[in-house]
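**Q** below is the structure, and that's it, no one-letter string:
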């Protein structure tokens, strides 16, 4: 579990470092107020992926325990 949290924290830190560049498209979205929609969609997708990975990890762990018996 620690490994997942560290990976998530590292990914978020890298994302913040990349997000500091000036991009015209981002400025346009920010001016129109659509940047929040883009951020919300990206967050929903990422949260969905992490939930899927955690559930998949639980299933694989359960199968591994069953095979050991």
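**A** That came in fine, so what should we check first? Predicted, not measured: the structure shown is a model, and the values here were computed from it.

**Q** tell me the secondary structure at residue 3.
**A** helix (DSSP: H, G, I helix; E, B strand; the rest coil).

**Q** just the helices in this protein please.
**A** Assigned by DSSP state H, the chain shows helices spanning 2-18, 24-32, 35-68.

**Q** give me the neighbour count for residue 46.
**A** Neighbour count of residue 46, defined by other CB atoms under 10 Å: 14. Placement of C-beta: from N, CA and C, glycine included.

**Q** how near is it to residue 38?
**A** 13 Å (CB to CB, to the nearest Å).

**Q** any idea how far the residue nearest the centre of the chain is from residue 60?
**A** Residue closest to the average C-alpha location in the chain (CA atoms, centre = their mean): residue 46, at 3.5 Å. For residue 46, the distance to residue 60 (CB to CB) stands at 21 Å.

**Q** ok, now residue 53?
**A** Using CB to CB, we find residue 53 at a distance of 10 Å from residue 60.

**Q** same check on residue 51?
**A** Relative to residue 60, residue 51 is positioned 15 Å away (CB to CB).

**Q** and for residue 29?
**A** Computed as CB to CB, the residue 29 to residue 60 distance reads 39 Å.

**Q** these two: who's more crowded?
**A** Neighbour count, other CB under 10 Å: between residue 29 and residue 60, residue 29 has more, with 16 against 10.

**Q** excluding chain neighbours, what is closest to the more buried one?
**A** In space, and not counting its chain neighbours, residue 29 is closest to residue 35: 4.1 Å by CB to CB, 6 or more residues apart in numbering.

**Q** correct me, but that neighbour touches residue 25?
**A** No. Under the criterion of CB atoms under 8 Å, residue 35 is not in contact with residue 25, lying 9.7 Å apart.

**Q** show me which of the two is the more surrounded one.
**A** Per other CB under 10 Å, whichever of residue 35 and residue 25 has more neighbours is residue 35, with 15 against 9.

**Q** and that one, how far is that from residue 46?
**A** From residue 35 across to residue 46, the span is 16 Å (CB to CB).
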